[in-house]
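Asker: can't give you the sequence, but here's the structure:
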């Protein structure tokens with residue numbers, strides 16, 4: 001069983017930055033991917049960014065390319081999402097997720113965190 005805990009959300013003005021963190025515990029597998037997803041009110045959950053366990057393969061949604069950066073620190077069992085140039089449309093609950101896998105995908109994640117709210121004011 002893997003537990004995921006997100007932190008770092010908050011209220012920021014448009015154009016600002018936030019960094020989200022996700023700490024994984026519970027003896028993660030040696031081959032896994034982790035991802036960030038978000039869900040805005042009235043909308044379906046969407047993938048934002050995914051990273052493999054070595055950190056050398058990533059995926060970004062088109063809407064965040066060039067603004068968001070996903071990274072991980074395996075020594076700390078932590079994944080990060082650096083969010084720059086934030087826009088009001090980035091407002092959502094952001095979720096961390098984990099999947100036992102060797103290759104990047106945006107579906108079929110096994111474990112989810114509780115979510116952290118990100119609000120971008122105009």
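Answerer: Cool, got the structure. Just so we're clear, the structure is a prediction, and the values are computed from it rather than from any experiment.
Asker: Model confidence for the most centrally placed residue in the chain, exactly?
Answerer: Nearest to the mean C-alpha position of the chain, counting by Cα atoms, centre = their mean, stands residue 36 at 2.2 Å. We have a pLDDT of 98 for residue 36.
Asker: List the beta-bridge partners for it.
Answerer: Per DSSP bridges, the residues bridged to residue 36 are residue 49, residue 96.
Asker: tell me how far the helix or strand where residue 20 lies is from the chain's mean position?
Answerer: In this assignment (DSSP states H and E), residue 20 forms part of strand 18-25. Taking Cα atoms, centre = their mean, to the nearest Å, one finds strand 18-25 lying 8 Å from the centre of the chain it belongs to.
Asker: strand partners of it, parallel vs antiparallel please.
Answerer: Strand pairing for strand 18-25, determined by DSSP bridges: strand 3-7 (antiparallel), strand 78-83 (antiparallel).
Asker: So for residue 57, which of the ones you listed sits nearest?
Answerer: Residue 57 sits nearest to strand 78-83 of all the strands paired with strand 18-25, at 13.5 Å, using Cβ to Cβ. C-beta: built from backbone N, CA, C; applies to glycine.
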